[in-house]
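> Provide a 3D model corresponding to the input given below.
(one chain, ligands or ions: 1)
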Amino acid sequence: MNVVKELSVCGGRLVKLSHNSTSTKTCMNVNVYLPKQYYAQDSSRSRPIPTVVYLSGLTCTPDNASEKAFWQFQADKYGFAMVFPDTSPRGDQVANDPEDSWDFGQGAGFYLNATQDPYAQHYQMYDYVHKELPQTLDAHFNKNAAAELDFLDNVAITGHSMGGYGAICGYLKGYAERRYKSCSAFAPIVNPSNVPWGQKAFKGYLGDERAQWQAYDPCALIKNVKRVGDDKVLIHVGDEDPFLEKHLRPELLLEAAKSTSWENYVQVKKVHGFDHSYYFVSTFVPEHAEFHAKNLGLI
Ligand SMILES: N[C@@H](CCC(=O)N[C@@H](CSC=O)C(=O)NCC(=O)O)C(=O)O
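Residues are numbered from 1 along each chain as shown. Prediction:
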């Protein structure tokens, strides 16, 4: 891993890293925010600092949320680190959208493992985000001492739009092994098999056979994952979001959860007057931060 840049933000530091990924076979960028607790001299920590992973939406790099979501204030308040991965593999060798649109290809990896040519070669974002990246960050940041930062066990996941979809999908797929302690999402695409953004992505990355899509669709996954304890999924969406009716459709996740162990444990908060932008995301980041801090045992 190479440190590209380090910046002071709030009470901690934002570390911009790049590394060669074995999953995507490309160089990947990732931002990590280390909260003020990481730098405290008189640390009496009994456990390593937990992590919240934030998956961004279509067109984003790790910088969009790092600059505009204001997670850093919350990370300092509760004492968690943040990981902001990229949204796809990138580079001249990486296949892109034949239509040259922003909703597929580079910047739009949908956090899945593609099976179709020419995408399968590099678009392995599920393995990258949920398996390789945590191990790589652990090896980089914890190499000199006992683990100071927890990228592997005490971890929560959240995201926006395509990234909200990626967060719910990863949470449910990893639920049996308790991969993530909690999950939330901002304006997520909840049923990609049945909305245009998702159908285009699933067709391109996974092929025409809809049966293959079920393995990455939260509305299918939620029916086969047994919820335990007090676990719930927190979702916010703005009622003036221009993508609400066509691409997001959060009510479909509520419908899918009916008569399952998740009924009443998927909370969709439709908030009046908000759109899809980072003005919306940043407004509700404090509520999501508190939700994850509780589930990570910080409060
Ligand atoms: N105006 C953008 C359209 C793409 C867009 O709105 N992207 C959203 C995520 S949409 C679902 O995944 C986003 O997060 N944009 C980045 C931002 O900083 O707001 C365009 O034409 O590029």
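
> what's the closest non-adjacent residue to whatever residue of the stretch 1-150 of the chain ends up closest to the ligand?
Closest to the ligand within the stretch 1-150 of the chain is residue 57: 2.7 Å, counting by Cβ to the nearest ligand atom. Placement of C-beta: from N, CA and C, glycine included. Excluding the flanking residues, the one nearest residue 57 by Cβ to Cβ, 6 or more residues apart in numbering is residue 161, at 3.4 Å.

> With residue 38 instead?
residue 49 (5.8 Å).

> Equivalent analysis for residue 288, please.
Residue 288's closest residue in space is residue 184 (Cβ to Cβ, 6+ apart), at 4.6 Å.

> same thing with residue 138?
That would be residue 151: by Cβ to Cβ, 6+ apart, it lies 4.7 Å from residue 138.

> What of residue 214?
Residue 214's closest residue in space is residue 220 (Cβ to Cβ, 6+ apart), at 4.1 Å.

> Am I right that the one you found sits in a strand?
No. Counting by DSSP: H, G, I helix; E, B strand; the rest coil, residue 220 is not part of a strand but helix.

> ok, now which ones touch it?
Taking Cβ atoms under 8 Å, 6 or more residues apart in numbering, we find residue 220 in contact with 193, 213, 214, 256.

> Give me every residue in the stretch 151-299 of the chain lying close to the ligand.
160, 161, 162, 276, 277, 278 (Cβ under 6 Å from any ligand atom).

> Just the buried residues of the residues you listed.
The neighbour count (16 or more other Cβ atoms under 10 Å) marks 160, 161, 162, 276, 278 as buried among these.

> What residues does the residue nearest to the last one when sequence neighbours are not counted make contact with?
Think residue 278. Nearest in space to residue 278, with sequence neighbours left out and distances taken as Cβ to Cβ, 6+ apart, is residue 68 at 3.8 Å. By Cβ under 8 Å, 6+ apart, the residues touching residue 68 are 278, 281, 282.

> quick one: which of those residues is nearest the ligand?
residue 278 (5.2 Å).

> shouldn't residue 274 be in contact with residue 239?
Yes. Between residue 274 and residue 239 there is a contact under Cβ atoms under 8 Å: 7.1 Å.

> more neighbours, the two?
residue 274 (20 against 11; other Cβ atoms under 10 Å).

> Show the model's pLDDT score for that one.
Looking at residue 274, its pLDDT is 99.

> repeat for residue 43
67.

> do the same with the one 10 residues further on
pLDDT, residue 53: 99.

> now the strand or helix carrying it, how far from the centre of its chain.
Per DSSP states H and E, residue 53 falls inside strand 51-55. Here strand 51-55 is found 6 Å from its chain centre; the criterion is Cα atoms, centre = their mean, to the nearest Å.

> Report the central residue of this protein.
residue 55 (2.7 Å; Cα atoms, centre = their mean).

> would residue 245 count as being in a helix?
Yes. Assessed with three-state DSSP, residue 245 lies in a helix.

> burial measure for it, as a count.
9.

> Relative to residue 172, how far out is it?
24 Å (Cβ to Cβ, to the nearest Å).

> Contact partners for the closest residue to the ligand within the stretch 151-299 of the chain?
Closest approach between the stretch 151-299 of the chain and the ligand, counting by Cβ to the nearest ligand atom: residue 161, at 2.8 Å. Listed by Cβ under 8 Å, 6+ apart, the contact partners of residue 161 are 57, 58, 186, 187, 188, 189, 243, 248, 276.

> where does the residue nearest to the fourth one when sequence neighbours are not counted land in three-state SS?
Once flanking residues are discounted, residue 187 sits nearest to residue 237: 4.7 Å by Cβ to Cβ, 6+ apart. Taking three-state DSSP as the rule, one finds residue 237 in the strand state.

> about what we covered before: would you turn the contacts of residue 220 into CSV with secondary structure and pLDDT?
Listed next are the contacts of residue 220 as CSV, based on DSSP: H, G, I helix; E, B strand; the rest coil; pLDDT from 0 to 100:
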residue, secondary structure, pLDDT
193, helix, 98
213, helix, 98
214, helix, 98
256, helix, 98
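
> Strand 51-55 and the helix or strand hosting the residue nearest to residue 288, what's the angle between them?
Element membership for residue 184 (DSSP H and E) is strand 182-186. Per axes from the mean of the first three to the mean of the last three Cα atoms, to 10 degrees, the angle that strand 182-186 makes with strand 51-55 is 30 degrees.
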